[in-house]
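> pasting a predicted model and its sequence here:
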Amino acid sequence: MEILSLMGYILDLNQWLVLAMFAVFITMLFRGIPVAYALVGVSLVFIFLGMYLLDPNKALINEFIQFKSTRITYIKLFANGGRFFGGIIKNPVLVALPMFIFMGLMLDQSGVAQRMMRAMQVLFGALKGGLALTVMLIGIVLAASTGVIGASVVLLGVMALPTMMQQNYSKPIATGTIAASGTLGILIPPSIMLVIMSDQLAISLGDLFMGALFPGLILGGLYIVYIVVYGLIKPEAMPVPENLEPVTAKIIGEVAMSVVPPMLLILLVLGSIFFGFATPTEASGLGAMGATILALLSRNLNWGVLKGVMRQTLNTSGYIVGIFISANFFAFILRRFGGDQIIEHLVLSSFDDPYLVIGFILFIIFLLGFLLDWIEITLIIMPLMLPVVLSLNIAVDGYGVVSEPSVVWFAILVAVTLQTSFLTPPVGFALFYLKGVCPPEISLMHIYKGIIPFVLLQLLGLGIVFAFPELVTWLPAVAYGN
């Protein structure tokens with residue numbers, strides 16, 4: 001009985017330590033401590049805490065420190081650097097990460113979006129909500145050719161918001177449209193979030209890219225339907241401007257010519273993957289080269305632009321890799337406390353129906369999106385949920401081609417759910433990107449009101465993908481089955 005009682009005490013203590021790790025981590029984030037520092041700091045503190053509370057033989061601490069008498073002679077933590085750093089840097093999938101970031105930033109410098117904005121505004125200007133529809137269509141095109149959320153939201157805000165205000169658009173619908181359209185790039189491939197998910201879940205990046213295409217387009221389609229219907233119901237919120245230019249063959253030609261360059265870039269990246277000419281990693285290099293050529297042909301490429309894009313790419317990539325390393329360290333300590341088994345048990349015991357378990361996980365991720373960035377959620381939560389999803393044995397048709405179709409489906413469900421993390425306060429990054437370029441008369445409350453319908457549409461899109469897994473698995477099966 002004493003042994004059983006002691007085992008029960010240790011199990012309870014493990015649970016408390018796991019909960020304490022998450023609680024301390026979230027507290028440090030609210031205190032403004034950078035994510036990477038918070039993850040590493042919490043991990044180091046709990047190494048020593050675990051040694052004294054759970055590990056009388058110091059097996060845990062000896063993973064990192066060798067003792068000789070009472071003096072520390074050798075810190076093994078640094079010797080384990082290759083475990084946390086080398087494995088990440090050597091991963092060929094993650095080579096695509098800086099390439100896609102470079103591609104998106106360079107495309108923003110090429111002036112393609114500005115030309116599309118001018119031409120499409122004339123084409124759709126006579127429609128109720130035509131300017132909002134123009135912003136959404138450009139957002140979809142940018143999403144399929146950039147994948148850098150901050151750049152897309154700021155670019156659309158700078159280009160469209162002043163014109164929307166001049167046309168007396170409702171402030172909530174104007175800001176909501178810009179914020180929602182700018183976030184589509186995190187789902188529609190090429191997406192840096194899908195690159196990270198591919199690494200964390202050990203599944204094919206090509207499967208994720210192809211699997212995310214239909215859900216991303218469905219989400220964009222829901223946005224467009226909402227704008228059109230809203231324009232018909234409340235035309236005063238999106239008035240048609242006066243003194244419109246007539247739509248002529250010249251205008252249609254200008255629209256076509258403005259859309260061709262980004263469409264060629266999309267075809268170069270996604271087409272090379274779909275038709276089997278290049279792997280996703282190779283396609284990222286093609287995309288970076290294509291965006292650079294577009295900037296050169298637009299006469300917007302010079303040494304200053306190239307230097308700035310390279311610097312931003314380095315900063316963004318370094319930030320993500322830093323979180324990668326610290327999240328691996330955090331996950332390693334969490335597993336040493338049995339955190340993965342504890343979380344798996346808690347999630348699996350929540351419901352008997354495997355689909356309800358998936359729904360419960362998505363609900364947790366949706367709530368975490370109010371507090372954490374998508375990077376932290378992807379790097380910390382996804383590896384912990386992988387054993388849970390595999391143990392559910394959910395039958396998702398992979399058409400004999402897609403490896404681990406249930407995991408691919410789950411990853412896309414999470415990606416759709418994480419769309420909301422960009423729009424939900426208090427840490428919805430798209431909201432703050434947009435607020436930074438808004439005129440003074442637009443308050444944060446206007447933006448909050450504007451994003452509510454789009455968050456609901458995101459949840460509707462999530463429900464559609466949840467109900468029809470074939471929307472995720474059919475395209476990669478066709479692409480790689482042939």
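Looks like it arrived, so ask away. Residues are numbered from 1 along each chain as shown.
> what count of nearby residues applies to Leu371?
When neighbours are defined as other CB atoms under 10 Å, Leu371 has 15 of them. All C-beta spots, glycine's among them, are computed from the backbone N, C-alpha and C.
> surely it forms part of a strand?
No - going by DSSP: H, G, I helix; E, B strand; the rest coil, the assignment for Leu371 is coil, not a strand.
> now it: how far from Gly32?
According to CB to CB, to the nearest Å, Leu371 stands 14 Å off from Gly32.
> show the pLDDT at Ile61.
The predicted local distance difference test score for Ile61 is 51.
> to clarify, my last question referred to Gly176.
In this model, Gly176 carries a pLDDT of 91.
> got phi/psi on Val402?
Note on Val402: backbone dihedrals following degrees, to the nearest 10 are phi -80, psi 120.
> next one, pLDDT for it please.
83.
> who's in contact with it?
Residues in contact with Val402, defined by CB atoms under 8 Å, 6 or more residues apart in numbering, are Ser204, Asp207, Gly211, Val408, Thr473, Pro476, Ala477, Tyr480.
> now these in TSV, with neighbour count, secondary structure and pLDDT?
As requested, the contacts of Val402 are arranged in TSV below (neighbours: other CB atoms under 10 Å; DSSP: H, G, I helix; E, B strand; the rest coil; pLDDT from 0 to 100):
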residue	neighbour count	secondary structure	pLDDT
Ser204	20	coil	86
Asp207	29	helix	89
Gly211	31	helix	92
Val408	27	helix	93
Thr473	23	helix	93
Pro476	27	helix	89
Ala477	21	helix	88
Tyr480	18	helix	74
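> export these to CSV and tack on distance to Gln109?
Listed next are those as CSV, based on distance: CB to CB, whole Å:
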residue, distance to Gln109
Ser204, 31
Asp207, 31
Gly211, 30
Val408, 34
Thr473, 37
Pro476, 32
Ala477, 37
Tyr480, 34
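> of those residues, just say which sits nearest to Leu156.
Leu156 lies nearest to Gly211 out of the contacts of Val402, by CB to CB, at 26.1 Å.
> just the strands in the stretch 151-300 of the chain please.
Per DSSP state E, counting those that start in this stretch, the stretch 151-300 of the chain carries no strands over any range.
> what stretches of it score poorly on pLDDT?
Within the stretch 151-300 of the chain, the segments meeting pLDDT under 70 span 151, 242-247.
> now do the helices in it.
171-182, 192-201, 205-233, 249-266, 272-274, 280-297 (DSSP state H, counting those that start in this stretch).
> now for Leu371 and Gly32: what residues contact both?
Where contact means CB under 8 Å, 6+ apart, no residue is in contact with each of Leu371 and Gly32.
> tell me the domain boundaries of this protein?
Domain assignment for the chain by automatic domain parsing gives 2-79, 89-481.
> neighbours around Gly285, how many?
In terms of burial, Gly285 registers 17 neighbours under the definition other CB under 10 Å.
> CA atoms of stretch 180-200 as CSV?
Output of stretch 180-200 as CSV, limited to C-alpha atoms (Å, rounded to 0.1, in the frame of the first residue of the first chain):
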residue,chain,number,x,y,z
ALA,A,180,-9.2,38.6,-42.9
SER,A,181,-7.9,38.7,-46.5
GLY,A,182,-4.4,39.3,-45.3
THR,A,183,-4.4,36.3,-43.1
LEU,A,184,-5.3,33.8,-45.8
GLY,A,185,-1.6,33.4,-46.6
ILE,A,186,-1.0,31.3,-43.5
LEU,A,187,-3.3,28.6,-44.9
ILE,A,188,-3.2,28.8,-48.7
PRO,A,189,0.1,27.3,-49.9
PRO,A,190,3.0,28.1,-50.0
SER,A,191,2.5,28.7,-46.2
ILE,A,192,5.4,28.8,-43.7
MET,A,193,3.0,27.4,-41.1
LEU,A,194,2.5,24.2,-43.2
VAL,A,195,6.3,24.0,-43.6
ILE,A,196,6.6,23.9,-39.8
MET,A,197,3.7,21.5,-39.4
SER,A,198,5.4,19.1,-41.9
ASP,A,199,8.5,19.1,-39.7
GLN,A,200,6.7,18.7,-36.4
